[in-house]
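[1] Predicted coordinates and the sequence they were generated for:
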Amino acid sequence: MDSLLQQAALWYHKEKRAMKNLELLSLYRDWEFERRHYGRNGNSGNGVFNIQSEEHPLETLRIIASDGGNWEHVSVSLKDRCPTWGEMEQVARLFFNDGEDAMQLHVPSTDHVNCHPYCLHWWRPLHQPIPRPPKHMIA
């Protein structure tokens, strides 16, 4: 008999609760960076991508996506500024299926880690839904 965790994973994938297949974004994949930094290329759930900003077409969004540790994670950065809300929405449309919840977190300062001054993140747990306030409270 499958473990509860395996059953949840199957349900999430069956219900399209997993990040989009990143192999569909191969045109934007930074193959060289992946090999140099990770020793191999990414796969359907992990990778490094360079995607043109729709808001600022002369700028490139640097995106690192992963699905380890029971979380899906997408980081979005630029060289000299933080991504705008519009750019974060652009990335969410590319990396998550329509109708999926994903979140940005504000953690206590004692837990804050800053590896890049202009980087924001999308997060989504793999095996449980993200709690949301009632629909009438979401603006």
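    Thanks, I have the structure now.
[2] Low-confidence stretches in this structure?
    Along the chain, the parts satisfying pLDDT under 70 run over 1-17.
[3] Helices of that one, residue ranges please.
    4-14, 31-38, 85-95 (DSSP state H).
[4] who's in contact with the second one?
    Which is helix 31-38. Where contact means Cβ atoms under 8 Å, 6 or more residues apart in numbering, the residues beyond helix 31-38 that reach it are 40-42, 47-48. In this view, the C-beta of every residue, glycine as well, is placed from N, C-alpha and C.
[5] Just list whatever residues bridge to the most centrally placed residue in the chain.
    Centroid check for the chain by Cα atoms, centre = their mean gives V74 as the closest residue, at 2.3 Å. On the basis of DSSP bridges, V74 takes part in beta bridges with A65, W122.
[6] That one touches A65, doesn't it?
    Yes: shown here, V74 and A65 form a contact pair, counting by Cβ atoms under 8 Å, at 4.7 Å.
[7] which neighbours do those two share?
    Taking Cβ under 8 Å, 6+ apart as the contact rule, V74 and A65 both touch 19, 95.
[8] if we can go back for a sec, PyMOL command to pick out the buried ones of the contacts of helix 31-38?
    The following PyMOL selection, which keeps only the buried ones among the contacts of helix 31-38, applies the criterion 16 or more other Cβ atoms under 10 Å:
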select buried, resi 41+42+47+48
